[in-house]
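K.L.:
below is the sequence, then the predicted model.
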Amino acid sequence: MRKNLIETVMGAVVLAVAALFIVFAYSKAEIGKVEGYEIKAKFDRVDGILAGSDVRMSGIKIGTVTSSALDPKTYFANVSMNIRSDIKIPEDTSIAVSSDGLLGDYFLALSPGGADEMLAPGDEITTTQGSIDLMSLVGQMIFSQTNNDGEKSN
């Protein structure tokens, strides 16, 4: 009987520690909607950008991608972002899909403009640069290198 009591107590301790870990991880992960305002942008390609991806300015996270959807008329990707309310973005700001290196996560990088007017909630950033397909670039580089080598040998 004593052995069962010890096993029960140890099991309860393990479950309590697991619950504390989950609560701690949830509180540090900043999960949930950030208080702020929504802005939008249209891209030709958004490879790697999903709901929850970071929106950064000068390398600092200032918001989160809330949704992305294909516009059936223009075939562009419509991306909505939630930006922290303490960050004001000039209306001539540009936005690009970027990554943390070859194997890193993708995020949206904002480059602020110099306009005095700021984007209002629901406004759209018009200067965008979509993601670059690295495999296509490598393929083009190899093809052009092969082409150049072939021309030199003639």
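P.N.:
Sure thing, it's come through.
K.L.:
so what strands line up beside the longest strand seen in the chain?
P.N.:
With DSSP state E applied, the strand covering the greatest number of residues in the chain is identified as strand 60-70. Within its sheet, and counting by DSSP bridges, strand 60-70 is paired with strand 54-57 (antiparallel), strand 77-84 (antiparallel).
K.L.:
could you pull out the buried residues of the shortest one?
P.N.:
Yep, that's strand 54-57 we're talking about. Burial within strand 54-57, assessed by neighbour count using 16 or more other C-beta atoms under 10 Å, is assigned to Asp54, Val55, Met57. Using the backbone N, CA and C atoms, a C-beta is placed for each residue, glycine as well.
K.L.:
quick check: the residue lying closest to the first one once chain neighbours are set aside vs Ser131, distance?
P.N.:
Think Asp54. The shortest distance from Asp54 to any residue that is not its chain neighbour, by C-beta to C-beta, 6 or more residues apart in numbering, is 4.1 Å, and that residue is Phe107. With distances taken as C-beta to C-beta, to the nearest Å, Phe107 is found 11 Å from Ser131.
K.L.:
biggest helix in this structure by residues?
P.N.:
When every helix of the chain is counted residue by residue (DSSP state H), the longest turns out to be helix 2-28.
K.L.:
what ranges of the protein fall below the confidence cut-off?
P.N.:
Per-residue confidence of the chain (counting by pLDDT under 70) places the weak regions at 1, 28-34, 133-134, 147-154.
K.L.:
try 80
P.N.:
Applying pLDDT under 80 to the chain flags the ranges 1-3, 26-34, 101-103, 131-140, 143, 145-154.
K.L.:
wait, Ser94 sits on Thr128?
P.N.:
Yes - Ser94 lies in contact with Thr128 (C-beta atoms under 8 Å); the separation is 7.1 Å.
K.L.:
so for these two, which sits in the more crowded spot?
P.N.:
Legend: neighbour count by other C-beta atoms under 10 Å for Ser94 and Thr128, higher for Thr128 (19 against 15).
K.L.:
just checking, what packs against the helix or strand containing the more buried one?
P.N.:
If you go by DSSP states H and E, Thr128 is part of strand 127-129. Applying 3 or more C-beta pairs under 8 Å, 6 or more residues apart in numbering; DSSP states H and E, one finds that strand 127-129 contacts strand 36-43, strand 94-99.
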